[in-house]
Structure formats: structure tokens, C-alpha cells
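K.L.:
I'll drop the sequence and a predicted model, then ask my questions.
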Amino acid sequence: AAAAAATRALTLVQGPPGTGKTSLAVEVVRLWVQALGVKPVLVCADSNVAVDNIGVALVALGIAVSRPGRAEAIRPELQKFMPGSPEAIAAADVVLSTCVGAGAAILGKQPFPAVLIDEVGQSTEPSTLVPLTRGCRQLVLVGDHKQLRPTVLSEDAASRGLSLSLFERLIGAGVAPLLLDTQYRMHPSLAAFPSARFYRGRVGSGVAADARPQPRGFRWPSADVSAALVLSTSPEDGGAASKRNDGEAHAVIGVVRGVLQAGELRAADIGIVTPYASQVALLRQLSTALPNGRQIEIKSVDGFQGREKELIVFSAVRSGRSLGFVADARRLNVLLTRARRGLVVVGNPRALVHSRHWADWLLWIERHAAVAGHA
């Protein structure tokens, strides 16, 4: 994939969860700069975090980078590479910025013949076009159109096509992406369902099962499957804006407490995920009673895109027939692929079954006898 991307005029690279998108991006840039003498290269992403992840790896390879932007948005170890003038931009091997930041005045009229854009599946098409206006002759787009779409708050804009990324538009027009087909994040059992459901079974595992043992402190119903469903019948509460489920929140905290008491995982190794801001707030409040509870990362599904933890505990919240965006297939894919060693879902199957994607996961869990407390 890297060799093709370094030589083609246009390359799309699809990177399912845990397949090394950042490693691929770094290798493409290294080939451009060190093997082919192409410079300066422009590397962009929708978020500062993604740009900085690539930047840190490039610095470790001895590649000269320049990182324009706001100091408070840039990782501390990269702030020393912030340019003071356009001359610093021209002297760099690689310039790092967000997609929108590629239009900043500090870049002057500097042309960039080679452009790589990471997490392009989450970038709106207009913002993706900004880096391409600077003399781009070689373009590499790295992303995954099976994960979250760009965030577009305006329903009118979304209805007019602005929720469709350039990456997904090009694939729809017949540009075939190169698929990174081996994941190195998850226990193979955690990767099995997402691979079959979202990638037609084309993503295999490059990590052995014994390298990802099940976290201690939770009674896993299956010794071979590192996912479990904890049944919930608690009612949801809340209005149209956001919802919460007190019973599920306490069940989640109970799971986490047991794992922490076992002493193997630290609080920072655990992530709690839920679809609703009200449930996030409730779980953060309850987690303060746990040892080092503030170190537990508690976010929405969207906030966990690109993140990973040893253990993920999910609260589905919903208890009725209407699931809202809980039923979204892309969010389910993100949710199921954040954990390295264990995933515990706390939810009501009588509600979740109204989504065909969740229904298939529930069947998969049932077939593997992975319902907690049930033979």
C-alpha cells in the first residue's frame, strides 16, 4: 500500500480499526521525502490529534517538520516546530496542519506537490479540498468509510450532500481503495464480528489470542470470546435532547469496580462508552467513587473514534422500540472495535433487537454463549 501510494497520482487507503493507518501514513511520507526526494510534503487531517500523531512519528525518524497552528491545540513536543515565518515552511521536509489550517496565511504561496490526508472519512469535502489548492500533483487519502461520517450540524447542509466525504464520494465513483487487511489491536474474537459484518470478512488478525488475555475481575461467560452482554431491563429516562439510564449506569460502575479490585488493570486502561451526553455526565459522577475514577475515560461513541483501551464497557441506555442513533451501523462498528482485551455491553436486548445490526450481534453473542450469567 505504501509503495503504491508513494508513486500513484491518486491513492485511497482504507484502514479498518487497528490496521495501522498511522503507520501507513508515516511510511508513505518517509518514502516521499527520503527515497524520492519530494519536499515539502503537506500532511493534514481533520483533527489536531491525528496530525500530531503522525508528526511525532516523523520526528522520531529524523524528518524535519514544521507545525503551524495554535500552540494550545498542538502537542507540547511539537510546539518547538511551530514556524515563525514562511521561510521556515519552505525549509521543512513536511508541513503538518489540519485540513482547514492548510489555508493559513503563514503558509504563504508555498506549493506542495505531494499531499497526504489522514482520517479523511471524517472530514467534510470542502475542508478536504483546502490542502489540494496548493499545487497538489500526488494525493493520498487515508480513512475508513465504514466508521463515522463527517460531523455536519446543519440538516440542510447534510441533505445537500455535505455529510459525504471526498473519500466516500470517490469510492462511489469507482476508485478502488487499497485495504489494510490485518488488525493488530484486538483479541481475534473481538475482531471477528466487525470483520464479517462491515468488511466482508476480509480483515484478519495479526495478534495471537494469548497476547490479549481477558481482563480479570469480571466473570467472562465464554473462555474463548472476549465480549460479553450484561442483560439490562432498566428503563431509560430523559427528553428528546439526551437520555440516561440509572440502572445501566450502576451496572457499568459495578463491572468496572470488580475489574479495578482485581488489581490487574489500572483506571486509565478502562474506557466507558455510551451514546448520550446525559449518560456520560451520570457515569462521570458515579465514577468518582471508584479508585482513581477520574482516570477512567468516559465519552460518547463519537468521542472514542480513533481511541483504544484494554477494556471497554458500553451502556446502550435505550429500553424501548425506538433506538435513535444507537441503531447507526457506523457507531456500532466504532464501539465494537475500541477494546484490546475485553468488551462488556450493558443493554436491553429486547430494545437493541430493533436494529438489524445489533440483532445480528446479539445472535453472534448468543451462539458463542457470551451472555453474562446465562449458560
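P.N.:
On my side now, so go ahead. Owing to the predicted nature of the structure, the values given are computational and were not obtained by experimental measurement. Numbers count the residues shown, from 1 in each chain.
K.L.:
From here on, just use CA atoms for contacts and neighbour counts.
P.N.:
Fine.
K.L.:
Convert the longest strand seen in the chain to PDB, retaining C-alpha atoms only.
P.N.:
Longest strand in the chain, counting residues (DSSP state E): strand 339-347. Extracted C-alpha coordinates of strand 339-347, given in PDB (Å, rounded to 0.1, in the frame of the first residue of the first chain):
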ATOM      1  CA  ALA A 339     -11.200  -2.700  23.100                       C
ATOM      2  CA  ARG A 340      -7.900  -4.600  23.000                       C
ATOM      3  CA  ARG A 341      -8.700  -7.300  25.600                       C
ATOM      4  CA  GLY A 342     -12.300  -7.200  26.600                       C
ATOM      5  CA  LEU A 343     -15.700  -5.700  25.700                       C
ATOM      6  CA  VAL A 344     -18.700  -5.700  28.000                       C
ATOM      7  CA  VAL A 345     -22.000  -4.400  26.700                       C
ATOM      8  CA  VAL A 346     -24.700  -3.500  29.200                       C
ATOM      9  CA  GLY A 347     -28.000  -3.300  27.300                       C
END
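K.L.:
name the helices or strands packed onto that strand?
P.N.:
Strand 339-347 sits against helix 188-198, strand 227-231, helix 246-262, strand 309-315, with contacts defined as 3 or more Cα pairs under 8 Å, 6 or more residues apart in numbering; DSSP states H and E.
K.L.:
Out of the ones you listed, which is closest to Leu164?
P.N.:
Judged by Cα to Cα, the one of these that comes nearest to Leu164 is helix 188-198, at 18.1 Å.
K.L.:
re the thing from before, note down every partner strand of the longest strand of the chain and its orientation.
P.N.:
The pairing partners recorded for strand 339-347 under DSSP bridges are strand 227-231 (parallel), strand 309-315 (parallel).
K.L.:
Now do the same contact list for Ser127.
P.N.:
By Cα atoms under 8 Å, 6 or more residues apart in numbering, the residues touching Ser127 are 99-100.
K.L.:
again with Arg331
P.N.:
With Cα under 8 Å, 6+ apart, Arg331 has these contacts: 147-148, 301-302.
K.L.:
which of those tops the neighbour count?
P.N.:
If you count neighbours using other Cα atoms under 10 Å, the busiest of the contacts of Arg331 is Gln147, which has 24 neighbours.
K.L.:
Surely it touches Arg330?
P.N.:
Yes: taking Cα atoms under 8 Å as the contact criterion, Gln147 and Arg330 are neighbours in contact, 4.8 Å apart.
K.L.:
Touching both of these two, which residues are there?
P.N.:
Residues touching both Gln147 and Arg330 by Cα under 8 Å, 6+ apart: none at all.
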